[in-house]
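Asks: Build me a structure from this.
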Amino acid sequence: MQKLFDEEMHSALQQLMDETIEALQLAKVSPDVDDLGATFAVALLKLGLATSFIDSKHPGFAKDVEEKRQRVLSALMPRH
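Replies: I've put the predicted structure just below:
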């Protein structure tokens, strides 16, 4: 089986994912809305960085993620 990423990229992505998870864990115990917003912002930033990082190695990845996000949003919207 072919590796998706080399060791250096895998390590960098692992760190970004760990930092994203850490931000989400902090969000679970946020004492107020302002703190919750800050932890969400960090998590979203880290996911954006990871997406861009992967897209640099696999062009089109970010576009594919956005298309899938739009499909999920459409599926969640009530149909009239």
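Asks: use CA for all of it now, contacts and neighbours both
Replies: Fine.
Asks: and the residue nearest to residue 35 when sequence neighbours are not counted, what does it touch?
Replies: Spatially, and ignoring its direct neighbours in sequence, residue 35 is nearest to residue 27 (7.6 Å; Cα to Cα, 6 or more residues apart in numbering). Going by Cα atoms under 8 Å, 6 or more residues apart in numbering, residue 27 touches 35, 36, 39, 40.
Asks: if you set the cut-off to 10 Å instead, what comes out?
Replies: Counting by Cα atoms under 10 Å, 6 or more residues apart in numbering, residue 27 touches 21, 33, 35, 36, 37, 38, 39, 40, 42, 43.
Asks: Please apply the same query to residue 67.
Replies: Contacts for residue 67 (Cα under 10 Å, 6+ apart) come out as 61, 73.
Asks: and it, what helix or strand is that in?
Replies: helix 61-76 (DSSP states H and E).
Asks: who wins for most neighbours among the contacts of residue 27?
Replies: residue 43 (23 neighbours; other Cα atoms under 10 Å).
Asks: Nearest to the spatial middle of the protein, which residue is it?
Replies: residue 47 (2.6 Å; Cα atoms, centre = their mean).
Asks: Excluding sequence neighbours, find me the nearest residue to that residue.
Replies: Closest to residue 47 by Cα to Cα, 6+ apart is residue 20, at 6.8 Å.
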